[in-house]
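Colleague: Task: produce atomic coordinates for the following.
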Amino acid sequence: MSGPPEIPVKLYYRIGEVAELVGVERHTLRYWESEFGSIRPQKSRRGQRIYSRRDVQKLLKVKELLHNQGFTIAGARRRMRELGEEPSPAQDAARATVQRVRESLLAIREELAAELQALPDPED
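Modeller: The predicted model follows:
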């Protein structure tokens, strides 16, 4: 039995590379992203998923739990929480709240910038 695959040393990995490394289809990776809060690839300017090395390692752990150890998605999520690799529901809720506040603040900043531009120049 061989161990986990060797992960090439890179700054980021595209979804096709990750699918090949993990040994699952791309749609499976996207599904796991929706089920495991700790797997959050960034998006490139073109909207492509950009995975970090940590994301790849977590995906390999998820595959190990699901395919080799026979866990269900819920069981794997619970096990990842026990290992400290998955946020708790309270952490997920806090993260969602922070994201909503951030979006609100960005919207306010944009409104203020528009208002400032609409003001007359004091030197005129």
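
Colleague: dump the residue contacts of the most centrally placed residue in the chain.
Modeller: Nearest residue to the geometric centre of the chain (CA atoms, centre = their mean): residue 40, 0.4 Å. With contacts defined as CB atoms under 8 Å, 6 or more residues apart in numbering, residue 40 is in contact with 33, 55. C-beta coordinates here come from the backbone N, C-alpha and C atoms, glycine included.

Colleague: where does it fall, helix, sheet strand or coil?
Modeller: Three-state call for residue 40 (DSSP: H, G, I helix; E, B strand; the rest coil): coil.

Colleague: Got the phi and psi for it?
Modeller: Backbone dihedrals for residue 40, given as degrees, to the nearest 10, come out at phi -140, psi 80.

Colleague: Likewise for residue 51?
Modeller: phi -90, psi 140.

Colleague: tally of neighbours for it?
Modeller: Residue 51 has 25 neighbours, counted by other CB atoms under 10 Å.

Colleague: So that it lines up with my notes, have the first residue be 20 from now on.
Modeller: Sure, I'll start counting at 20 from here, so that last one is residue 70.

Colleague: so what's it bridging to?
Modeller: For residue 70, the beta-bridge partners are residue 32 (DSSP bridges).
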